[in-house]
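Q: Below: sequence and its predicted model.
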Amino acid sequence: MSRFDSQCSCEDVVNKEDECLPSSSEDSQDGVSSTMENGDEPEFSQKHYDIEPCYYSLTGKSDRNCRGRVYRYRKDSDLKGFQSHDGTLYRLRDSVFVEVSQNEPFVIAAICGFKYTKRDHVVVKLTRYFRADDIPELSLNLMKQERAELEINPHLCPRTLNRELFNSELQIQQPVSCLRGKCIVEYVKDIRHARAVADFSVDNNTFFYCLHYNQDSTKLASTHYCIRVGTAFQATLPPVATCSVGDEKDRDELLYRPNSIDIAEEEDYIKLARCYRTFTLSGNHMLDSQKNARVIELET
């Protein structure tokens, strides 16, 4: 089974450890100049970029015997590119293979940026794509059911479905030593036209996506949103109910009316309050039950 795809051959993998040797300054300079002369990356010229060497080791090794290059833009001092020991030039927004684990297929992701760590190691920030094997079975079955109802499956072959990815907003960070070459990830608005992207029986490094995977909700959604305008697509609102303040019921219960208390009731209340105060101040040694009993006797 290939690290790139379950049906891809391993011949396209650019991962030769014998090329991971310290290169001289002349060889590195020739590699950069040849790349710029071919017009692949003319913006990485020494006129606008500072070229800095960086040393790293491949996965599973501790010796930093691989020599690469990073390109720092002078205007904002940000790292805009990285050239590995084998001459592969990685730029922003490139789709790449990433070796996260030696026992699992390569992760496919898009480069968001480069930066130095506190130990002067160069790491790459990536936005990950998910394969079908990484999607929960429930969400995957719902997608297959919807495509079966729309009769989309007859337009696709198993080899094409194996190249389908799902983009996400999940960002990961890996050392540059985990980069294992570049690939192509195309956006397809309609999956029926996926075969127009590339010949998947020949090209092993081309993939496509048309759905977005939300890792929090574990749901698949379309990346293309449509805003429909017109009376046929507007919601029908019910008429506004008219009401006034007088129609609202009285929710309060009136317990006190000023100047309407009987004089006899007011005098009894004052007497009881004075008695309760007297017992409270003089009966500190009394229990609460005794005090309550005295007050009840006065009230009755």
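A: Ah, there it is. Numbering: from 1, shown residues only.
Q: Around A132, how many other residues sit close by?
A: With neighbours defined by other CB atoms under 10 Å, the count for A132 comes to 15. Every C-beta, even on glycine, is put in place using the N, C-alpha and C of the backbone.
Q: what's the pLDDT at it?
A: Model confidence at A132, given as pLDDT, is 90.
Q: F97 bridge partners, please.
A: Per DSSP bridges, residues listed as beta-bridge partners of F97: I108.
Q: Any stretches of the stretch 1-150 of the chain with poor pLDDT?
A: Under the criterion pLDDT under 70, the flagged ranges of the stretch 1-150 of the chain are 1-43, 59-62.
Q: how about 50 then?
A: Per-residue confidence of the stretch 1-150 of the chain (counting by pLDDT under 50) places the weak regions at 1, 6-41.
Q: what about D262, distance to D268?
A: Taking CB to CB, to the nearest Å as the measure, D262 falls 9 Å from D268.
Q: Can you pull the domain assignment for the protein?
A: The chain breaks down into these domains under automatic domain parsing: 10-225, 263-299.
Q: re the thing from before, D262 and D268 - which one has more neighbours?
A: Neighbours of D262 and D268, each counted by other CB under 10 Å, are more numerous for D268; the result is 12 against 8.
Q: residue boundaries of the strands in the stretch 51-200 of the chain?
A: Taking DSSP state E, counting those that start in this stretch as the criterion, the stretch 51-200 of the chain contains strands spanning 66-73, 79-83, 89-91, 95-98, 107-116, 122-130, 164-175, 179-187.
Q: would CSV of those with mean neighbour count and distance to F279 be doable?
A: Conversion of the strands of the stretch 51-200 of the chain to CSV gives the following (neighbours: other CB atoms under 10 Å; distance: least, CB to CB, whole Å):
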stretch, mean neighbour count, distance to F279
strand 66-73, 21, 87
strand 79-83, 21, 84
strand 89-91, 19, 89
strand 95-98, 21, 83
strand 107-116, 19, 78
strand 122-130, 20, 77
strand 164-175, 17, 72
strand 179-187, 18, 86
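Q: Save these as TSV, and put in distance to V202 too.
A: Shown next, in TSV, are the strands of the stretch 51-200 of the chain (distance: least, CB to CB, whole Å):
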stretch	distance to V202
strand 66-73	31
strand 79-83	28
strand 89-91	24
strand 95-98	18
strand 107-116	19
strand 122-130	21
strand 164-175	18
strand 179-187	13
